[in-house]
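[1] need the 3D shape of this:
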Amino acid sequence: MITRLDRPEAELKYRSLIKGALYDQPELCAWWLKQVPTPAAFRNLSVNRRNQLANHDLVHLAPMLSAIEAGEVIVKSPREYWGQAYSSQLIGQDLIDYFAGCEQEQVALLCTDVHNDIIQFQILFAGGTSECALYPDQILRHALQNCASGIILAHNHPTGLPKPSSADQRFCERMEHAGRLVGIPLLDFLVIGNTDYHSWRENQTAGEIE
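    Numbers count the residues shown, from 1 in each chain. This next block holds a predicted model:
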């Protein structure tokens with residue numbers, strides 16, 4: 001289990017960065033932190049509210065908001081997952097960043113070759129805030145099109161909690177069985193939260209050791 005900044009640490013870091021951005025404007029900084037006291041408060045701002053905040057001080061706040069939005073774009077931008085899939089820790093850590101701020105459940109497919117090199121990454125499905133339709137046949141079709149020797153599946157929980165649901169566990173079992181039938185094994189199934197992840201393979205291994 002990988003743990004990143006918890007909420008108090010993230011809020012302290014956020015306040016420190018805002019103070020650094022507005023170091024020569026202490027009154028404006030205090031006003032901003034009163035309006036948007038936490039990272040979660042910023043994430044929940046509507047587009048109209050962001051524009052209102054920028055218009056409060058076009059000289060200082062508008063550029064700062066643009067910089068924050070640029071950071072959001074960078075975090076959410078597609079990344080290349082080329083590399084080796086030997087560690088679900090590394091993949092889980094990257095996917096925590098990838099899904100940051102996502103309000104819909106999404107399912108990602110990572111295809112690997114015979115050397116466990118990741119040769120393809122793509123989002124297959126996007127659902128609502130609480131569920132996402134999964135179809136093993138479509139997943140395996142994508143894997144076959146990419147000449148995959150193995151697959152890793154990952155999906156986020158917008159609630160922020162990576163605990164797998166009973167539906168997740170049932171699907172994982174179906175997917176493992178289907179993968180065996182066509183000769184493309186399911187290497188791992190990751191559930192991604194806000195600050196950590198759940199690895200089906202890691203927990204399976206831990207159970208065997210116990």
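[2] from now on I want contacts and neighbour counts done on CA atoms only, so please keep to that.
    Fine.
[3] what's the helix or strand for residue 92?
    Using DSSP states H and E, residue 92 sits within helix 88-98.
[4] before we move on, what about residue 52?
    Per DSSP H and E, the secondary structure element for residue 52 is helix 47-56.
[5] residues in contact with that helix: which ones?
    61, 62, 65 (C-alpha atoms under 8 Å, 6 or more residues apart in numbering).
[6] of those residues, which is the most crowded?
    Within the contacts of helix 47-56, most neighbours by other C-alpha atoms under 10 Å means residue 61, with 21 neighbours.
[7] tell me how far it lies from residue 70.
    14 Å (C-alpha to C-alpha, to the nearest Å).
[8] same check on residue 36?
    From residue 36 to residue 70 the distance is 18 Å (C-alpha to C-alpha).
[9] the two: which is more packed in?
    A count of neighbours by other C-alpha under 10 Å puts residue 36 above the other of residue 36 and residue 70, at 17 against 12.
[10] three-state assignment of residue 27?
    Three-state call for residue 27 (DSSP: H, G, I helix; E, B strand; the rest coil): helix.
[11] give me the pLDDT for the residue nearest in space to the middle of the chain.
    Nearest to the mean C-alpha position of the chain, by C-alpha atoms, centre = their mean, lies residue 99 at 2.1 Å. At residue 99, the model reports a pLDDT of 86.
[12] cool, and residue 43?
    84.
[13] so what's it closest to, chain neighbours aside?
    residue 101 (7.2 Å; C-alpha to C-alpha, 6 or more residues apart in numbering).
[14] wait, doesn't that neighbour sit right on residue 41?
    No. Residue 101 is beyond contact range of residue 41, at 11.9 Å (criterion: C-alpha atoms under 8 Å).
[15] looking at the two, which is more packed in?
    residue 101 (17 against 10).
[16] any idea how many residues pack against residue 115?
    11.
[17] quick one, phi psi at it?
    phi -100, psi 10 (degrees, to the nearest 10).
[18] relative to residue 141, how far out is it?
    With C-alpha to C-alpha as the criterion, residue 115 and residue 141 are 21 Å apart.
[19] low-scoring stretches of the protein, by residue?
    Within the chain, the ranges that satisfy pLDDT under 70 run 1-6, 75-87, 128-133, 205-210.
[20] recalculate using a threshold of 50.
    Within the chain, the stretches with pLDDT under 50 are 1-3, 82, 208-210.
[21] which residues in it form helices?
    Using DSSP state H, the helices of the chain run over 7-21, 26-35, 39-43, 47-56, 61-76, 88-98, 136-145, 166-182, 200-209.
[22] this completes my enquiry, with thanks.
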